[in-house]
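# Build the 3D model from these lines:
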Amino acid sequence: MASFVTEVLAHSGGLEKEDLGTRIGRLTRRVDEVKGEVCSMISKKYSEFLPSMQSAQDLVAQVDKLSDDIDLLKSRIESEVRQDLHVSTAEFTDLKRQLERDSVVLSLLKQLQEFSTAIEEYNCALTEKEYVTAARCLEKAQKGLTLLKSRKRFDLKMLKSLSMELTIQKQNILYHLGEEWQKLIVWKFPPSKDTSNLESYLETELHLCTEQSQKEEKTPVPPVSSVLLAFFILGELHTKLKSFGQMLLKYILRPLASCASIYAVVESQPNTIIISFESVVSDLEHPSPSEVFAKIKLVLEVLQKQLLDLPLDADLETEKTPKIILAEMLGDIIWEDLSECLIKDCLVYSIPTNSSKLQQYEEIIQSTEEFENALKEMKFLKGDSTNLLKYARNINSHFANKKCQDVIVAARNLMTSEIHNTVKIAPDAQISVPDLPSADQGDKLQVQKMCTAQYSEVVDLEPESTLDQHSFSLPTCRISESVKQLMELAYQTLLEATTSSDQCAVQLFYSVRNIFHLFHDVVPTYHRENLQKLPQLAALHHNNCMYIAHHLLTLGHQFGLRLAPILCAGAATFVDLVPGFRRLGTECFLAQLRAQKGELLERLSSAGNFANMDDEENYSAANRAVRQVLHQLKRLGVVWQDVLPVNIYCKALGTLLSTAISEIMGRVTALEDISTKDGDRLYSLCKTVMDEGPLVFAPLAEESSNKKYQEEVAVYVPKWMPFQELLLLLRAGLREIGDRWADGKGPLAAAFSSSEVKALIRALFQNTERRAAVLAKIK
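Numbers count the residues shown, from 1 in each chain. Next comes the predicted model:
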């Protein structure tokens with residue numbers, strides 16, 4: 001059959017443009033027909049899934065033939081257009097544009113043909129398990145589809161069908177590759193869901209197949225490298241390695257890093273390498289870093305040899321693809337999590353708790369360096385030192401941080417322990433202060449030179465009267481045992497600072513300061529309810545604060561010259577904390593005294609105004625109120641006994657007793673009329689307070705030692721002497737009252753004002769001339 005171009009060029013002379021238009025029109029119609037047939041074939045194959053192998057081959061032949069005809073016709077047209085350009089440029093240009101459009105359509109048909117060919121080759125390769133070839137065919141089809149998508153006015157429905165076909169085929173090969181991957185790497189887990197105990201570790205295994213065995217059907221078996229390379233070409237290798245790396249970290253590496261009693265065991269079997277665990281009896285709670293590094297290194301060496309050291313770049317020599325290093329890819333995926341695991345589960349627990357053991361840590365730093373170098377040789381790591389090695393080298397900072405953390409945790413545990421467990425301290429009792437290192441010999445010589453006497457004659461500078469040896473000592477009292485331990489912790493920590501590096505010493509010093517800041521915030525908050533309700537605990541808290549403040553006065557001075565130079569310049573002091581602790585203890589105890597004072601006044605309010613004492617009910621209520629007040633004071637005397645220092649004890653009870661007496665006196669002096677019977681009963685009530693009030697003062701456990709303080713009750717109770725005068729007034733006559741007033745110079749005048757005395761006289765005595773005369777003398 002003669003071609004269309006031969007018919008068009010039948011004339012030996014010039015080309016007639018009318019005949020040329022006719023021929024191009026016929027060629028265009030033929031191109032459109034072929035395009036329609038191709039589109040129909042693709043639609044049937046990828047959308048309707050109808051068999052069309054023979055028709056597809058015929059269409060390929062027709063497309064090739066049309067392509068040759070168009071190329072020949074295009075060259076002839078261009079040569080004729082150059083000859084007759086001055087005659088009919090416009091007509092030939094239109095014809096050329098029409099031909100170019102047909103060429104674009106034909107190129108699209110060629111790309112569709114290439115896509116279809118790539119898919120057919122992919123199917124054949126996949127059947128033969130040539131996964132690398134299949135992956136490349138898919139890659140080629142993907143590129144072709146990308147070019148088709150870039151074309152304008154292309155059939156969107158057809159593009160959708162092609163994209164769906166490509167996606168299906170990609171998922172298909174990934175499924176087959178996944179099955180091959182599962183044959184290469186087999187995990188065996190315990191039946192229980194809990195995989196975090198020793199028993200589950202021992203039942204976990206990882207099987208690596210080194211050479212797949214032939215099955216019954218004689219099909220080619222793909223090597224490991226082809227499976228991995230196919231994953232790489234499809235862009236799924238990183239995803240597979242990431243999933244494998246996470247499981248490796250969770251089920252193999254992390255248990256080896258955190259458990260001291262398990263070790264990795266590598267067992268070689270035909271075509272298989274098995275990594276499992278075995279248990280070894282160990283007394284260590286946490287494994288040593290060198291052991292952990294050795295165990296992990298063994299596992300990674302097996303993986304690198306059997307799985308990760310494969311020549312994946314051999315098949316990529318013709319492509320511009322970088323060399324694939326599987327070990328490096330896996331290292332990039334798991335190293336950050338692995339190093340964090342090694343730090344948290346291993347290196348943290350190897351940090352020494354004493355500065356004397358810091359020198360021994362050099363071995364751990366060296367083993368860390370060797371571990372990283374081994375990983376670099378196996379290509380798991382690249383570049384300089386990592387966070388793991390930096391952590392190991394920064395031991396001084398970690399030691400200081402751990403020591404400070406341990407100190408703060410121990411201090412807080414002491415602060416939140418029970419307050420009522422007490423110990424007794426006395427002026428001659430010493431806290432168990434550690435022996436400080438002696439100053440350098442050079443310092444001693446310098447001090448001796450500065451203190452050399454300027455005069456040869458001996459001068460006795462000792463004062464005639466000396467202070468008592470306990471003048472600046474804390475008085476005898478009881479403190480919480482936890483507070484005593486807290487101060488010992490502070491001393492021990494500062495002693496540790498004297499033998500540490502400058503950086504560590506500064507951190508330890510400020511950790512001790514933080515202990516006392518923490519006490520200031522934690523104890524009043526944590527024990528608030530007990531401090532408010534229990535008088536004994538309030539007294540103990542007062543003593544605790546005073547005890548801490550007492551030691552803070554000299555704590556910085558004791559260690560100042562032996563700490564880091566930056567602290568010796570005056571920063572090593574705790575004196576600034578002293579006022580805050582004194583205020584903390586004082587405010588707590590004063591709040592307790594105010595609460596007790598409120599209870600006393602509430603009890604006395606039930607006595608009314610001490611009026612109409614001749615009424616039995618009124619007298620009984622007043623007597624009960626007075627008894628309750630005395631009972632409350634005695635109870636306080638018991639709970640504070642041997643707890644508060646004697647002087648604080650006497651002042652506190654004296655203040656409360658004085659408050660009760662002052663309230664009684666105020667109510668009695670306010671009475672306008674006191675009958676004889678009322679006076680007798682008021683006298684009886686006041687006499688009870690006068691007799692039993694001193695007995696509440698029992699600061700010491702030995703009864704015989706308390707008599708001194710009971711006799712000195714007037715020293716601690718400001719209203720005691722006025723109360724005695726009131727007692728005398730209730731039984732005294734007018735003449736005696738006048739004598740005790742003594743023109744405003746007697747004891748009565750010292751206890752009461754003239755108006756109060758006159759009011760009492762008017763209430764006690766009837767209006768007579770004698771009363772008027774006495775009232776006239778009181779001015």
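# who touches the nearest residue to Ala701 once chain neighbours are set aside in this structure?
Leaving aside its chain neighbours, Ala701 sits nearest to Asp642 (5.0 Å; criterion: CB to CB, 6 or more residues apart in numbering). (Each C-beta comes from the backbone N, C-alpha and C, glycine too.) Residues near Asp642 by CB atoms under 8 Å, 6 or more residues apart in numbering: 424, 478, 699-701.
# Would you mind listing the two of the residues you listed that lie farthest apart?
Across the contacts of Asp642, no pair lies farther apart than Lys424 and Pro699, at 13.4 Å, counting by CB to CB.
# which of these two has more neighbours?
The residue with more neighbours, out of Lys424 and Pro699, is Pro699; 23 against 11, by other CB atoms under 10 Å.
# Looks to me like Asp642 is in a strand.
No: counting by DSSP: H, G, I helix; E, B strand; the rest coil, Asp642 falls outside a strand, being coil.
# Can you tell me how far it is from Ser705?
11 Å (CB to CB, to the nearest Å).
# what do you get for Val483?
On the measure of CB to CB, Val483 and Ser705 end up 26 Å apart.
# Compare neighbour counts for these two and give me the winner.
Val483 (24 against 12).
# what's the closest non-adjacent residue to that one?
Asn544 (4.3 Å).
# check contacts around that neighbour.
419, 479-480, 483, 523, 585.
# Check the secondary structure at it for me.
Strictly by three-state DSSP, Asn544 counts as helix.
# Check Ile479 too.
On the basis of three-state DSSP, Ile479 is classed as strand.
# Pull up the gap between it and Cys588, please.
14 Å.
# ditto for Leu537
Using CB to CB, Leu537 is found at 9 Å from Cys588.
# Which neighbours do those two have in common?
In contact with both Leu537 and Cys588: Leu531, using CB under 8 Å, 6+ apart.
# buried residues in stretch 223-239?
Within stretch 223-239, the residues that count as buried by 16 or more other CB atoms under 10 Å are 224-234, 236-237.
# Check stretch 697-714 too.
In stretch 697-714, counting by 16+ other CB under 10 Å, buried: 697-700, 706, 709, 713.
# Can you list the neighbours in contact with it?
Residues contacting stretch 697-714 (CB under 8 Å, 6+ apart): 637-638, 640-642, 644, 646, 649-650, 653-654, 657, 693-695, 716, 720-721.
# Could you do stretch 187-201 as well?
Under CB under 8 Å, 6+ apart, the answer for stretch 187-201 is 203-207, 247, 250-251, 255, 259, 261-262, 277, 279.
# Same check on stretch 677-684?
Here stretch 677-684 has contacts from 610-614, 619, 622, 668, 671, 674, 727, 730-731, 764, using CB under 8 Å, 6+ apart.
# Need the contacts of Asn544 in a markdown table (columns: pLDDT).
Shown next, in a markdown table, are the contacts of Asn544 (pLDDT from 0 to 100):
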| residue | pLDDT |
| --- | --- |
| Ile419 | 90 |
| Ile479 | 94 |
| Ser480 | 94 |
| Val483 | 94 |
| Val523 | 94 |
| Gly585 | 95 |
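# okay, those in a markdown table with distance to Ser605 next?
Below are the contacts of Asn544 laid out as a markdown table (distance: CB to CB, whole Å):
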| residue | distance to Ser605 |
| --- | --- |
| Ile419 | 33 |
| Ile479 | 37 |
| Ser480 | 36 |
| Val483 | 38 |
| Val523 | 35 |
| Gly585 | 31 |
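# Name the nearest of these relative to Leu388.
Distances from Leu388 to the contacts of Asn544, taken by CB to CB, are shortest for Val523, at 40.7 Å.
# who's in contact with that closest one?
415, 541, 544.
# out of the residues you listed, who's nearest Leu126?
Distances from Leu126 to those, taken by CB to CB, are shortest for Met415, at 71.4 Å.
# For stretch 405-425, measure first residue to last.
End-to-end distance for stretch 405-425, by CA to CA, to the nearest Å: 30 Å.
# So what touches it?
353, 474, 476-486, 489, 493, 508, 511-512, 514-515, 518-519, 522-523, 526-527, 530, 536-537, 540-541, 544, 547, 642-643.
# Asn647 contacts Cys477, correct?
No: with contact taken as CB atoms under 8 Å, Asn647 and Cys477 are classed as non-touching, separated by 10.2 Å.
# Out of the two, name the residue with the larger neighbour count.
Neighbour count, other CB under 10 Å: between Asn647 and Cys477, Cys477 has more, with 23 against 12.
# Is the more buried one bridged to anything, and to what?
Ile425 (DSSP bridges).
# hang on, the earlier thing: next, format the buried residues of stretch 697-714 as CSV and append distance to Leu198, pLDDT and secondary structure.
Shown next, in CSV, are the buried residues of stretch 697-714 (distance: CB to CB, whole Å; pLDDT from 0 to 100; DSSP: H, G, I helix; E, B strand; the rest coil):
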residue, distance to Leu198, pLDDT, secondary structure
Phe697, 66, 92, coil
Ala698, 62, 90, coil
Pro699, 61, 90, coil
Leu700, 60, 88, coil
Asn706, 65, 87, helix
Tyr709, 67, 89, helix
Val713, 72, 91, helix
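# wait, what's in contact with Cys404?
By CB under 8 Å, 6+ apart, Cys404 lies in contact with 507-508, 511, 514.
# swap the cut-off to 10 Å and go again
493, 504, 507-512, 514-515 (CB atoms under 10 Å, 6 or more residues apart in numbering).
# These in helices, which ones?
493, 504, 507-512, 514-515 (DSSP state H).
# Count residues in the vicinity of Gln171, would you?
9.
# Write a ChimeraX command that selects only the buried members of the contacts of Cys404.
Here is the ChimeraX selection string for the buried members of these, based on 16+ other CB under 10 Å:
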select :493,504,507,508,509,511,512,515
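# okay, who's weakest in the contacts of Cys404 by pLDDT?
Least confident of the contacts of Cys404 in the model: Cys504, at 85.
# hang on, Val423 is in a strand, isn't it?
Yes: under three-state DSSP, Val423 sits within a strand.
# For the stretch 401-550 of the chain, give me the ranges with low pLDDT.
429-472 (pLDDT under 70).
# what kind of secondary structure is the closest residue in space to Glu285 that isn't next to it in sequence in?
With sequence-adjacent residues excluded and distances taken as CB to CB, 6+ apart, Glu285 is closest to Ala260, at 6.9 Å. Classification of Ala260 by three-state DSSP places it in coil.
# lowest-pLDDT helix or strand in this structure?
helix 441-450 (a mean of 38; mean pLDDT, DSSP states H and E).
# pretty sure Ile262 contacts Val280?
Yes: between Ile262 and Val280 there is a contact under CB atoms under 10 Å: 7.3 Å.
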